[in-house]
Structures are given as structure tokens and as C-alpha cells.
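A.B. asks: A structural model of the following input is requested.
(chains A and B)
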Amino acid sequence: MADPDNRPFAIRQYAPDQLREALRRMYLIRRFEEGAEQSYMRGLIHGTMHLSIGQEASAMASCIELSDQDKITSTHRGHGHCIAKGADVGRMFAEFFGKETGYCHGRGGSMHIADVKTGNLGANGIVGGGIPIAVGAALSAKKLGRPDVTICFFGDGANNEGAFHEALNMAAIWKLPVIFICENNKYGMSTPAAYATAVPNIADRAAAYAMPGVTVDGNDFSAVAEAVHNAIARARAGEGPSLIENLTYRWRGHSKSDRNRYRTKEEIEDWIAKDPILRFRAELITHGILDEAEAGAIEAAAAEAVEQGIEFAKQSPAPSVTDVTRYVYAEA
Amino acid sequence: MTTREISYSEAIREAMAIALDSDPAVILMGEDIGTYGGAFQVTLDLIDRYGPERVMDTPISELGGAGVAVGAALTGLKPIFEFQFSDFAALAMEQIVNQAAKLRYMLGGEASVPVVFRMPAGSGTGAAAQHSQSLEAWFGHVPGLKVVQPSTPEDAKGLLLAALADPDPVLIFEHKLLYKMKGPVPEGAYTTPIGKARIARAGRDVTIVAGAIMLHRALEAAEKLAAEGIDAEVIDLRSIRPIDHETILASVRRTGRLMVVYEGVKSYGVGAEISAMVAESDAFDYLEAPILRLGGAEAPIPYNPDLERVAVPQTDGIEAAARSLVRGEV
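C.D. replies: Model prediction:
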């Protein structure tokens, strides 16, 4: 018998090119979020936004096996999911800048960023709003005989919404190909998940809906990828939904109004030390997928792509104000 | 096209069967719509003909169920979702108002949500405050939704088929007291255009705009008034959003008087919208009397039958109000 392969799941499962692309997209998410934050501070973006810095492994490892036919539903903290699913950062910035070239032609902004053509059914401004919609997308796949799966992202706050419970129940009774991914970043705005949720692990709630539930280290790319891989296999085999809880942390506040009065500097610093990108990068180097120089080049290329994206957004035209009611209904 | 007499609920069922036969993307969803046939028996026997894969009983989960229908519509299916009572749509406002209505717009025209919500509505059944409301004005307030209210079996079928052909979410308010009413209905597929009112009775003296059961009460009142020489024009509103400005304004220009009759609570309702629409238009110059609204009482629908009766406009009240309006007593 050959020696057991003790390498992390992702290293065993995915081709080197896929892994390098995953690292690239994680850097793209990080630099995108930083670029969005800076653009906001410079007054180029109005409104508010919810940054996912620190949660990149959760987004990317969940999406690594998805094709454009597979669907995702996302949340108000959805920039990372969007990039992980393959969106163009230029069109994303254009949306944030309110431009006609944005994914939503400037009508949606950060909280409604979407790209339906590549299976991203959109971020959602309502906590838990996307959960039943994800189940509906999985219902379509089943009824129309398509092999696609739907990944439904939501946060720890959403697991106390009625929509979560109703949707998980329906997905289970109809054995739909949907994977519920709870990104537990410890706080629903300021309210600790430990205070607001009656069970110790959100994944425990899977038992109520007769589906597998697993809690993983959401900053460990491989751990997330393996859990999602198993859930996708189960979904594609017609065995129904799964619930995965990714334990992670947002480095930034809930939104631009957050003064961080509900958590300590030490806690934030502890989590910054658990940077999911540096961890994945080190893992790839350890296992010979790339070397330091290549990793540095990937990181630099991500920064460059973000600069170009911001430039594209700046140069793009704004929508015409006479078109305020355009897209309310289908055009005849 | 052959026409025969069938009931309002049979007409709706026929429309659903046509849709299920002609488009594999159509599915029915709702509580107890399968073997039970729906609370009002509108989907009766459809599960036997099309099976549980296309006629899906949902758990008692209005929010989740409506959301599943929205997600399914977004990704290729055309769900017809039955709320057991339109009152229960209050549990699903999030998905109807924040999601279905806004997805196309929020996503800059890149998404389409062709879902149909069937809404059994109205009072007169003794079911009291939580099973008797007329909430169509709530939804009429929301850009992105279309809201219709068929008054006849023919329109119940035609508007459902039009709703299914529409790429945007449509809510159909079906009045429970009309389900058993019979009327002429063409066989086969046809659509009644959304957004077009119908002159149900032509007249010269007063325009009465009404929908659903109120149309029939208004027509009855108009016949009684005709015996005393008052000639009322009765408009079947049919569509609340979009609303048919032209038909209403043209009628008011002809008659010089406007009365709006509706079952929903009088204030902030369909009557307010129609009254304001006329007041803001050139038709205002043709008015010979103040505009009159006859709507539901400022109260929940009560249980006691006498109270329930007075809580919404009835034929005698419509008749008396129209008479006063024409005689200049208002």
C-alpha cells in the first residue's frame, strides 16, 4: 500500500493552475475591497458598503468548483463572492461608482451587485433575503433537468431569520441541489452570534432539517473546499442540501458607520494574524505549487487589475437621469 | 372560438391547465393545492392530471414559499404561486416587495422574475379580520409589480394567461365571492391585456369605476337607477397597476361625474389614486359634482354578518350614493 497522501485536500484535489487562480482571486478580493474603501474615502463612491476583508478563503474555496451554470446567491457583504464567481472588477467598480457600465447599470450599487449571466443571482440588502431565492434556483435546476447546483451564502445574523428556517426545510423535503454556506464572522452588525443564536454552532441547525451540517475553519481554504466539495457531490447526486458553517472574521466594521464599540482591538489583531490569504499562499509554497516570486507576481497583478478597474469606472459614463424609471418593467 | 358558460374558478383552472400543457416551465405552488384542491377548490384535480412534480404542495411557509417561487422564476421556471388567502401575503411581503418587484431594477434590467401570485381576496364569507381583506392597493403602490383584479370568468382566464406571458411579477386578486359565478368563457388560449379597463355598461350621467365583486354591485345599482332615468356608466377597472388612465378620463369627460367603488379600506386606497388622477387631469374641468369614493370601513372586517355587510359597499349604498351625486345632493 502506498503512503497515505497527507497533503491538504485542496492540494490533492485541484490542478496547480486552479490553485494559482484561486490565490489570484483572493488577492483580487483583498485589493478590490481596499480599493473600494479608498474610493469611498475619496468621495468617488457614495452610500455605504460592507467589506469582506478577512473572509476571502470562505468565498473562494466555496466557489472553486463552480461553473457559470452553477448559481450563487450572496449577501450585503458580497463583493468577495462576486469576484470568486468570476466577475470583472472594472464592471464592479463601475457599479459602485454608479456608472452605466456597471453590472447593474448603476441602479444597484454595492448591495445589489450581481452577474446573472455567470450565475451570480446577486447580493441582497435584506438579511436572509437570498436564502429562499437560492432554493428556488435549485428547484429550477431539478425541474428543468439541469445539473447545476446553487450555493447560498449568508451570515450568522441570517440564521435567526424565518426565511432561513423555511427555506432549509423546503430544500430538504424536496431534496434540492443547494448548499447553504453560513459565513459566521461572529457578529450580526454588533450583536454577537453567541448571544443571538440558541445553539453553540449554527451548523447544529442542520439536524432540524435532516441534512448534514458541518462547522469548519473558514480561514482554512482547504477545510472549506473539502466541505463544499462533499456537499456539491451530494447535491449533484440528488441527495439534497447541506449546511456548512465557515468560522471567519471581518477585519473591518460592519459598514461605514461602524465605530467598533462592540469588539476589542486585541480580538481584531488576533484575527488579522490568521490572515486566510497568507495562510493559503504559504500552503501553496510549501507544497510546491508556486514559489515566493510567483506569489509576489500574482499579488502585484491583482493590485494592477484593481487600479485598472478603478480607472475604467472613473472614465465610464453615468446613466442618463431621464432613465430613472428604466428597468422597472421589461421593455416592450 | 367557441364560448360556453363556466364558473370563475373553472376559468382559472382552465387557464392553468392550458399553461401546464403548453409550457413545461410552468409549475403550480401553494398550500394544499394538490389532493385537497386548494382552500377554494380552484386547483381541483390538477394534481391528478399533471402530478405532484408540477402541482406542488408547499409547507405552510408563505415567506419561504414565495421566495422559492421568486428564485425559480429568476432561473427559468414560471411558477404560479397560490396564497391560500391573500391576507397571508403579509407573511411574504419581503419576497414580493423587496425581491420580486425590485430585482429587475436593482440588477439594471439583467434579471426577470416572471412569477404569478394568485390572491384569493375579499369579504362576505364570515371569515373575519384575517381572512377577508382587500389588500390590492398595498401592492399597487410598488413599482415593479403588476396588479390585476378580474371581475368575470372570461377575464379571470384571460388575465391569468396574460400574467403568465408577462416577464414581470403579476398579482391576481381573485374575489372569493366570484369563484362560483358563471359566465361566458371562450375555449382555448387567449389573453386579456393587463392595464386595460373595460366599459361594462355605457351611460351618460355618472361614471362608476369598480372592480371584482364591486363591479357586479355597481351594475346592479345601475340597472335600478336606469328605471328612474339615471344612466350610469360602469367601468370594470380590471387592472390596478398599471391603471388605464385613458378609459377612465374619457368616461369622466363624457359624464361629468365620478364615483369610485372599492372594497379595500377607503383611505389611501384605489379610490384615492383614481380620484387624484382625475383631479390632476383636464377631465377635472368637466366635473359637475365633487368626486365620490365608496370604500371599506376604517375597521378590520368584522365577524357578525350584519357588521360584515356594512363594512364594505353594498348595492343599495352604491345606488343611493350615485343618485345623490347625479341629483346634485353631494
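A.B. asks: can you give me the helices in the chain?
C.D. replies: Unless you meant another one, I'm taking chain A. Assigned by DSSP state H, the helices in chain A fall at A:9-13, A:16-41, A:56-63, A:79-84, A:89-96, A:130-143, A:162-173, A:193-196, A:221-236, A:265-272, A:276-286, A:292-315.
A.B. asks: wait, chain B
C.D. replies: Assigned helices in chain B, in chain order: B:8-22, B:46-50, B:62-74, B:93, B:103-106, B:136-140, B:153-165, B:213-227, B:245-255, B:270-279, B:305-310, B:315-326 (criterion: DSSP H).
A.B. asks: Enumerate the residues of the stretch 201-332 of chain A near chain B.
C.D. replies: Within the stretch 201-332 of chain A, the positions lying close to chain B (C-beta under 8 Å from any C-beta of the partner chain) are A:325-331. For the C-beta atoms, the positions are set from N, CA and C on the backbone; glycine is no exception.
A.B. asks: who touches residue B:129 in this structure?
C.D. replies: Taking C-beta atoms under 8 Å, 6 or more residues apart in numbering or on different chains as the criterion, residue B:129 is in contact with B:300-303.
A.B. asks: Kindly supply the ChimeraX command isolating those of those residues that are buried.
C.D. replies: With 16 or more other C-beta atoms under 10 Å in any protein chain shown as the criterion, this ChimeraX line picks the buried residues out of these:
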select /B:301,302
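A.B. asks: Among the contacts of residue B:129, pick out the one closest to chain A, please.
C.D. replies: Among the contacts of residue B:129, residue B:300 lies closest to chain A (C-beta to the nearest C-beta), at 23.9 Å.
A.B. asks: need the contact list for that closest one.
C.D. replies: Shown in contact with residue B:300 (C-beta under 8 Å, 6+ apart): B:128-129, B:133.
A.B. asks: circling back: same list, the helices of chain A, but as TSV with mean pLDDT and distance to residue B:257 please.
C.D. replies: Compiled in TSV, the helices of chain A are given as follows (pLDDT from 0 to 100; distance: least, C-beta to C-beta, whole Å):
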stretch	mean pLDDT	distance to residue B:257
helix A:9-13	98	76
helix A:16-41	97	57
helix A:56-63	98	63
helix A:79-84	97	57
helix A:89-96	98	51
helix A:130-143	98	48
helix A:162-173	98	48
helix A:193-196	96	58
helix A:221-236	98	63
helix A:265-272	96	70
helix A:276-286	98	71
helix A:292-315	98	57
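A.B. asks: Tabulate those helices (TSV), appending distance to residue A:213 and mean neighbour count.
C.D. replies: Converted to TSV, these look like this (distance: least, C-beta to C-beta, whole Å; neighbours: other C-beta atoms under 10 Å in any protein chain shown):
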stretch	distance to residue A:213	mean neighbour count
helix A:9-13	19	18
helix A:16-41	25	20
helix A:56-63	16	30
helix A:79-84	21	29
helix A:89-96	32	25
helix A:130-143	15	29
helix A:162-173	10	24
helix A:193-196	15	13
helix A:221-236	10	22
helix A:265-272	24	12
helix A:276-286	22	19
helix A:292-315	34	16
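A.B. asks: mind checking which of those is nearest residue B:243?
C.D. replies: Across the helices of chain A, residue B:243 has its closest neighbour in helix A:130-143 (29.3 Å, C-beta to C-beta).
A.B. asks: and the closest one, what does it pack onto?
C.D. replies: Helices and strands touching helix A:130-143, as assessed by 3 or more C-beta pairs under 8 Å, 6 or more residues apart in numbering or on different chains; DSSP states H and E, comprise strand A:71-73, strand A:150-155, helix A:162-173, strand A:178-184, helix B:62-74.
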